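**Student:** sequence and predicted structure are below.
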Amino acid sequence: MPRDPRELGGAWTRYQRLAFAAPSADLAPWVQGYRIVSWDYAEPYRQKLVPYPHVNLTFRGGGVQLHGVWSVHRVRVLVGREGMLAVAFRPGCFRPFLGASVATITDRTVDAEPVFGPVPPEPPDVPAVEDYLRRVLPEPDPRATEVAEVVAAIAARRDITRVDALARECGTSVRGLQRRFAEYVGIGPKWVIRRYRLHEVTERLAAGVPFDWAELAADLGYVDQPHLIRDFRQLFGESPTHYAQRY
């Protein structure tokens, strides 16, 4: 089946507008940032969404939905002229809002009103969304901050490739770290490590500079190149070379 040309070579920028905004200081302990998207598609477009360890709150079409962490890619169909504002919570920091294990909403989209209350009647902008969040701000949770710092370290440090080594660094057991991530992030530390190491693959692909696959696989903690390619396919739903055509 031929690919949609609108997903190749950055063509999506002709149909979509994307902007980012940082949270206000009082919300920064919980919120990673805001994403404001608008699109105009005369024909339905199947947009691939690759997963990250963020819980997201989305405002679209007068409604509000809560999206748990997704363990694999998913597809969102866009058609017509519309827009959306999304709140990305810091990994590990949504647990105080939910009042339950974040794993209970993993791979799920649920109604946000039981957590946040009725959606604002006006079309949302960042100030209105921040006021919406402030109505239900939870008490600080030191464990949430600790977990967020661990996830940030995974994202920043290329040398973190094994759960057992990370657990020792955190002063806990592998099982203890797994429980902590299930409760606060919604998905295990092995998945988070794999996701951020594969992010480095997509960055290399986007740069368009040739590199040695076997060497990169070894640097990212993989036994060999086929294991890296297999993990990439599982998470992104296509091979790295197929995915690279999007840039």
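**Tutor:** Thanks, I have the structure now. Numbering: from 1, shown residues only.
**Student:** in the strand or helix carrying Ala152, what's buried?
**Tutor:** Secondary structure from DSSP states H and E places Ala152 in helix 142-156. By neighbour count with 16 or more other C-beta atoms under 10 Å, helix 142-156 contains the buried residues 144-145, 147-148, 150-151, 154-155. Yep, even glycine has a C-beta here, placed from its N, CA and C like the rest.
**Student:** how far off helix 142-156 does the longest helix along the chain point, in degrees?
**Tutor:** Criterion DSSP state H: the longest helix present in the chain is helix 189-207. Between the axes of helix 189-207 and helix 142-156, defined by axes from the mean of the first three to the mean of the last three C-alpha atoms, to 10 degrees, the angle is 40 degrees.
**Student:** strands of this protein, start to end?
**Tutor:** For the chain, the strands defined by DSSP state E cover 16-21, 31-49, 56-60, 63-67, 74-89, 109-111.
**Student:** any idea of the mean pLDDT for the fifth one?
**Tutor:** Taken as a whole, strand 74-89 has a mean pLDDT of 96.
**Student:** again, but for the shortest one
**Tutor:** Confidence over strand 109-111 (mean pLDDT, whole number) is 95.
**Student:** tell me the phi and psi of Pro53?
**Tutor:** Backbone dihedrals for Pro53, given as degrees, to the nearest 10, come out at phi -80, psi 40.
**Student:** so it sits against Arg90, correct?
**Tutor:** No - under the contact definition of C-beta atoms under 8 Å, Pro53 does not touch Arg90, with a separation of 9.6 Å.
**Student:** where do the contact lists of the two overlap?
**Tutor:** Listed as contacting both Pro53 and Arg90 by C-beta atoms under 8 Å, 6 or more residues apart in numbering are Val151.
**Student:** next one: Gly80 from Ala42, what distance?
**Tutor:** When C-beta to C-beta, to the nearest Å is applied, the distance between Gly80 and Ala42 equals 8 Å.
**Student:** and if you look at Trp213?
**Tutor:** When C-beta to C-beta is the yardstick, Trp213 and Ala42 sit 39 Å from each other.
**Student:** the two: who's more crowded?
**Tutor:** Taking other C-beta atoms under 10 Å, Trp213 and Ala42 do not tie; Trp213 has more neighbours (17 against 9).
**Student:** residues in contact with the more buried one?
**Tutor:** Taking C-beta under 8 Å, 6+ apart as the criterion, Trp213 is in contact with 225, 228.
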